[in-house]
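Asker: below are the sequence and a predicted model; questions follow.
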Amino acid sequence: MAEKTIQDVVCTFCGCCCDNLEVKIKDERILGVRNSCAISMSKFLNYDRERLSAPVQRKNGSFEEMKFEDAVEKTASILANAKYPILYGWSLTSCEAIEIGVELAELVGGVIDNTTTTCHGPSILGVHDIGESTCTLGEVRHRADLVVYWGCNPVHAHPLHMLRYSVQSKGRFRKGRKDRKLIVVDVRKTDTAKQADYFIQVAPNQDYELLSALRTAVKMGEIEQNSIAGVPVEKVEEIADLMINCEFGIIFYGLGLTMSTGKSRNIDAALSLVRELNNRTKFLIMPMRGHFNVTGANQVTAWQTGYPFAVDFSKGYPRYNPGDTSAVDILARGECDAALVVASDPISNFPVVASRHLSRVPLVTIDPHFTPTTLASDIVIPSSFVGIETGGTVYRMDGVPLLTRKLVEPPKGVRSDEEILSAILRRTRELKGVA
Amino acid sequence: MKEIILTVKKTLSVPVECSEISPNSLAGKTLEQIRAMKVWEGNRSTRLEEIFYVKEQGGNASEGLTVRIVGDASGIRKIGHRMAEGSMVIEGNAGMYLGEEMSAGSITLSGNAGAWLGSKMKGGTIEVNGNAGDFVGSSYRGSRKGMKGGTIIIHGDAGTEIGCWMRNGTIRIKGGTGMFPGMHMSNGTIYIEKDCSGRTGAQMTGGRIVIGGHVPAILPSFNIEEVRERVKVGEEKITGPFYVFTGDLNEDGNGKLFINVTKNSHLKWCEEYLEL
Amino acid sequence: MTELMLRNGTVFDPLNRVRGEKMDLAIRDGRIVETASSKAKVIDASGMIVMPGGVDIHSHIAGSKVNSGRILRPEDHEKDVEGRTSITRAGVGYSIPSTFTTGYRYARMGYTTVFEPATPPLKTRHTHEELDQIPIIDKACFPLFGNNWFVMEYIREGRLDECTAYIAWMLNATKGYAIKIVDPGGVEAWGWGRYLKRLDDEVPHFAITPREILRGLCKVNKLLGMPHAIHVHTNNLGNPGNYLTTIETMDCVSDLASGGKPIIHITHVQFCGFTGNSWLNVGSGAPEIAEYVNKHDHVTLDPGQVIFGDTTTMTADGPFQFLLHKLSGNKWVNVDVEGETGAGIVPFHYKRSNYVNAVQWGIGLELMLLVKDPWKIYLTTDHPNAGPFTSYPKVVTWLMSNVARGRVLARINKNARRRLDLPGIDREYSFEEIAIVTRAGTAKSLGLRRKGHLGVGADADVAVYNINVSSIDPSRDYEIVRKALANAAYTIKNGEIVVKEGEVVATPTGTTYWVDPKVSNDLMQQTTASLSAKFEEYYTVRMANYPVEESYLESSTRIEAHAEV
């Protein structure tokens, strides 16, 4: 087969969802990628390594291949009989697959939760109380003359963010880097901070205090302390002045805020600061979502159930209360009796007590390759990569939906999450006696 | 005084919820009816008697009903939900949402309470001999309708964000608490006798928080008002002296923090702002 | 295929001039037919009203801002849940229901077609994902154009033909149904945190005015041969004295009218119908607006009727929503969309005792009662802005019963009551008029030829309500009317019974309507070439990734329009 180049490919790595990639393909293999960042390129060129090729089940301490139909049967049986199953993951698959997941969770009276719960859950909790002044990324590119990165390091985690959307991009009203001021707030001088016009080193776990002081300064209030979170009050006032005097400012923030002490209240403070700034100028805020479709997982779950993650269907209707209905907490309390993990690796990043319980219950994982979660599972079903081997809708970090496409065939016998979940849903309905 | 005794039968591996265990809910029901009441065990609807042995003792229900729970109920949610009369005595631990939306009566817990104790409470008394979790007396996610009345007393420690969006009533912790007590509070009184991990009264618009022990710092959006010898909590006069801070100025709030002076010598700096 | 025979119902089919006649209705293969065979399933509709299924012209049910509203308000859902049944999916309701619940609740009221009135084109794939998951009803969405960079530039440069081709391209790309305009120019100004008040204020950096945008798009709408008029949310919404802006807006295109056909639809007029110059002396501009509408045939409107209680406001009018946040002190979401539009969401509680809210309640009803021709005005609550759509039956009782209105009037803020003309208005709507403002008139306004009526060939979307016109006096028995409208005896969708006695019994998927105007090939080629050159300058997505494919929709019904260019 001849070599071909596919244009306008949507990258399925991080929440930037860059959609201008060019992928060179020959004989169902990806030879090269243009317009991507290094991490994305690495994914495109190495995605087919360490692949699972057939469904397996754990028998006597090792994995044995099994037929797809048997894997579906056993999974359906595990879920149908469970009293409090968790269906977790979802951020690395398509909306179409997530929709099936929600239906499955509802059918079996379980909990559906996605990686928001360990990542930007606090951001959503903050929004419940305050709301959020935000925009799509093009607004930043065109208008922003002040960009703040707080507790995040886009140079490493969202490599093309600054070039495509913020300080290095070309917008209608801001032509280049010199038209913008960059402020970076972090506990240490990261590579992103090295590019800043103003670097604020905040004392670890004191972001809440700093955000609070900034808000006081914006309100022209009296701060009765000389230094807040390790930052001299004069500096706080200087930053507040920069914010008030800009034409259009934005705070991008990441796990430095969501996962340091204070969590959702750090976000509350940031959202409140931005809201306050809108009395003086145009100011917005946006979380730097990590996975390429965690936003999609929130969107699908919200429109189908009313709530964006941690949804409990055990009583037949959707119930939501992170801390109670969130996967990590349920597992930490040892309250779950079965789990289905889709496109995620919770064993690697959950607290040990939660991971331990997860590995002890009947666990089915659907994933393209080996991970610590698959190694702890009872059944593993191999799946294909969204955006490479199968298509589907994804949502960029700013809520813009994009349709990814299939570029190459998956390995033989490997199905998409959509197909696998459809089969499991079908069989589970039969077991539950539903049409 | 009639008593209905529910003894926990088994340790449960999945969440259990029964939102109708309260004196007003059980009043007038026969033992058989109580045994048949619906309880959720994970996603299974089951009978109450699967979870509890049910007995009754004592005399006249017209003198009031006490519901006694014996055993470890730490996995059982919503005990005392919408309680409106009588008393509940729990000899052991209780799960999340104990006394949620309670409006009258009294709950006494010998052990520890889970999170969301007394959430959305309107009246009555809850007394916990052990510790309590996070969000004591709070609202539901996204709502500003936290505790509106009643009294919660915790003899041990409590977690974070106690009194979150509180609108009135009293929370008294004899031990210490985690961060953000009185978060977004608009009225009511919180008295923490021992230490608090910090961010006291964050974003409050009204109400009072009294800290008898140590706080690491005061938020920059609070200003020192005065030093007071004493502060009144309910009928009791608590001896200080106390630094009195006003805030949260970011919310144009006029809540008050009473911070014990002797336990917080590191806050002496605020005295220079006293006459300003 | 499936045949149904509705026997002996009292039929109201205003488009076919049927005004409460006892008739049989035959249905086969999803359409109304002349007769049915003996194999037809018979439904005895004796003593019941039969109407075409409801057609809602303006209700925010799907898309980015609706979902942001859901995420904002877990406390809205907590109190109103729907459990899963063997036929229906679980969900939550109240002011921002989840998708499945939305379809079920509309169907229970006998509604079979609902249009989402505002979708940001860049995110319209999201709107379609949600619409596809709203069961039973047919649907469509209106893409927003009033602050679109390309549109403003085309109009400023006088390039109307290319603007026409551009909008045709956009309607195809978004699978949209009509040209929606919200606060023209004002939302672009809000991109900088600024406000526009008047029709002749200039949009910063674009050297164009709201008046020019409105006129330009009105002309384009005609050139495209669109089935619906331009659908307009005026500038200056929510400000005392803004009834003048409404009249000015209606008037600014009056010279473009021809043939008595409406060329502009003003939506939720209650929000832009205030007299006065401060919140202390706000009053109803309904009499003035109704007078204008009564004298002009080029306008239609809907009131956005206030329902007392808790709800959620959500519009593309970002600046207005910020002001509402400041006024109410409630939490606030804002989402500006690059090069196109914006959105804002603020929970709100309408109180009887509040002077302004009570006046607002009065304005909506005054509009409905003072506009004489029921074909010009449609029943809406601008769901959920003025109230949840589940309140429609209550609004019907206020229209049909002076007593029902009076009971509410007696309990509203007394200064408001004194200020309103409403207490002196005793007009009562007939069932025929209700059928017009909830189905026949809306279907006609939207150009849906097979909806809103029960003539042969119409889609078999039928609502049967348990109201016996010979024994019920709607003016007195309004509670019976309300209950019957809230729980249809039967709702039939494409010939299938989907609701029986207020319960959902089947959940077929409806279709999504969209309009595909055909402009000349040369013009389209020229326009897409110049569009392509500028696309990535304005957007952060590639032009190839922007359009929504027809195959993306679960079920697509394309309506062709023949453009004049």
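Answerer: On my side now, so go ahead.
Asker: what is the burial count for whatever residue of the stretch 251-400 of chain A ends up closest to chain B?
Answerer: Of all residues in the stretch 251-400 of chain A, the one sitting closest to chain B is A:S314 (4.1 Å; Cβ to the nearest Cβ). For glycine as for every other residue, the C-beta is placed from the backbone atoms N, C-alpha and C. A count of neighbours around A:S314, defined by other Cβ atoms under 10 Å in any protein chain shown, yields 24.
Asker: against chain C, how distant is it?
Answerer: Applying Cβ to the nearest Cβ, to the nearest Å, the value for A:S314 to chain C is 11 Å.
Asker: ok, now which ones touch the spatially closest residue to that residue that is not a sequence neighbour?
Answerer: Spatial nearest neighbour of A:S314, excluding adjacent residues (Cβ to Cβ, 6 or more residues apart in numbering or on different chains): B:N43 at 4.1 Å. For B:N43, the contact set (Cβ atoms under 8 Å, 6 or more residues apart in numbering or on different chains) comprises A:A82, A:K83, A:Y84, A:V108, A:G109, A:G110, A:F313, A:S314, A:K315.
Asker: got the phi/psi numbers for residue 257?
Answerer: In the absence of a named chain, this looks at chain A. phi -90, psi -40 (degrees, to the nearest 10).
Asker: let's do chain B instead
Answerer: Dihedral angles (degrees, to the nearest 10) for B:L257: phi -110, psi 130.
Asker: over to C:V50?
Answerer: phi -120, psi 130.
Asker: got the contact list for it?
Answerer: Here C:V50 is in contact with C:L6, C:G9, C:T10, C:V11, C:F12, C:M23, C:L25, C:L454, C:V462, C:A463, C:V464, C:Y465 (criterion: Cβ under 8 Å, 6+ apart).
Asker: these in helices, which ones?
Answerer: Using DSSP state H to define helices, no part of those is located there.
Asker: do you know how far A:A193 is from chain B?
Answerer: 23 Å.
Asker: can you check C:T315 too?
Answerer: 20 Å.
Asker: do I have it right that that residue meets C:L324?
Answerer: No: judged on Cβ atoms under 8 Å, C:T315 makes no contact with C:L324 at a distance of 9.4 Å.
Asker: most surrounded residue in the contacts of C:V50?
Answerer: Neighbour-wise, the contacts of C:V50 (other Cβ under 10 Å) top out at C:V462, 30 neighbours.
Asker: so what pairs up with that one in the strands?
Answerer: C:P52, C:I492 (DSSP bridges).
Asker: who touches it in this structure?
Answerer: C:L6, C:L25, C:I27, C:V50, C:M51, C:P52, C:G53, C:L454, C:Y490, C:T491, C:I492.
Asker: same check, this time on C:T174
Answerer: C:T174 touches C:T119, C:P121, C:T124, C:C141, C:P143, C:W514, C:P547, C:V548, counting by Cβ under 8 Å, 6+ apart.
Asker: what does A:V10 give?
Answerer: A:C17, A:C18, A:D19, A:L21, A:G387, A:V394, A:L402, A:L403, A:T404, A:R405, C:N545.
Asker: between those residues, which is closest to chain B?
Answerer: Taking Cβ to the nearest Cβ as the measure, chain B lies nearest A:V394 of the contacts of A:V10, at 26.6 Å.
Asker: check the secondary structure at the closest one for me.
Answerer: Recorded secondary structure, A:V394: strand (DSSP: H, G, I helix; E, B strand; the rest coil).
Asker: before we move on, back to that, so for C:T315 and C:L324, which sits in the more crowded spot?
Answerer: Between C:T315 and C:L324, counted using other Cβ under 10 Å, C:T315 has the larger neighbour count: 28 against 22.
Asker: residue contacts, that one?
Answerer: C:H60, C:K65, C:A118, C:V182, C:H233, C:L237, C:Q321, C:A343, C:G344, C:N385.
Asker: tell me which residues touch the closest residue to the second one other than its chain neighbours, please.
Answerer: Read that as C:K65. Excluding the flanking residues, the one nearest C:K65 by Cβ to Cβ, 6+ apart is C:A343, at 3.9 Å. Listed by Cβ under 8 Å, 6+ apart, the contact set of C:A343 reads C:64-65, C:68, C:120, C:314-316, C:318, C:321, C:333-337.
Asker: one more pass at 7 Å, please.
Answerer: By Cβ atoms under 7 Å, 6 or more residues apart in numbering or on different chains, the contact list for C:A343 reads C:S64, C:K65, C:A316, C:G318, C:V335.
Asker: farthest-separated two in those?
Answerer: The distance between the two most remote of these (Cβ to Cβ) is 12.9 Å, for C:S64 and C:G318.
Asker: who has more neighbours, the two?
Answerer: Per other Cβ under 10 Å, whichever of C:S64 and C:G318 has more neighbours is C:G318, with 28 against 25.
Asker: I'd guessed the more buried one sits against C:W190; true?
Answerer: Yes: using Cβ atoms under 7 Å, C:G318 is in contact with C:W190, at 4.5 Å.
Asker: overlap of the contact sets of those two?
Answerer: Jointly contacting C:G318 and C:W190 under the rule Cβ under 7 Å, 6+ apart are C:G342.
Asker: the contacts of C:V50 in strands, which ones?
Answerer: Within those, residues falling in strands by DSSP state E are C:L6, C:G9, C:T10, C:V11, C:F12, C:M23, C:L25, C:V462, C:A463, C:V464, C:Y465.
Asker: without its sequence neighbours, what residue ends up closest to the first one?
Answerer: If the residues on either side of it in the chain are set aside, C:L6 comes closest to C:L25, at 4.2 Å by Cβ to Cβ, 6+ apart.
Asker: that neighbour reaches C:I32, doesn't it?
Answerer: Yes: assessed by Cβ under 7 Å, C:L25 is found in contact with C:I32 at 6.5 Å.
Asker: shared neighbours, those two?
Answerer: Counting by Cβ under 7 Å, 6+ apart, the residues touching both C:L25 and C:I32 are C:L454.
Asker: show me what from the stretch 151-300 of chain A comes close to chain B.
Answerer: A:208-209, A:212-213, A:215-216, A:219, A:221-225, A:228, A:265, A:272 (Cβ under 7 Å from any Cβ of the partner chain).
Asker: so which one among those residues has the lowest pLDDT?
Answerer: Looking at those by pLDDT, the weakest one is A:E222, with 87.
Asker: how near is the closest residue to B:K2 other than its chain neighbours to chain C?
Answerer: In space, B:K2 comes closest to B:A61 once its chain neighbours are excluded; the distance is 4.2 Å by Cβ to Cβ, 6+ apart. Shown here: B:A61 relative to chain C, a distance of 32 Å by Cβ to the nearest Cβ.
Asker: most proximal residue of the stretch 101-250 of chain C with respect to chain B?
Answerer: C:T101 (18.4 Å).
Asker: burial count for C:K41?
Answerer: 12.
Asker: neighbours of the closest residue to it other than its chain neighbours, how many?
Answerer: Spatially, and ignoring its direct neighbours in sequence, C:K41 is nearest to C:L4 (5.4 Å; Cβ to Cβ, 6+ apart). Per other Cβ under 10 Å, the neighbour tally for C:L4 reads 22.
Asker: and the strands in the stretch 151-276 of chain B?
Answerer: Here the stretch 151-276 of chain B has its strands, by DSSP state E, counting those that start in this stretch, at B:151-154, B:170-173, B:189-192, B:208-211, B:223-233, B:236-247, B:255-260.
Asker: cool, the stretch 301-435 of chain A as well?
Answerer: A:311-312, A:319-320, A:338-342, A:363-367, A:379-382, A:392-395, A:401-404.
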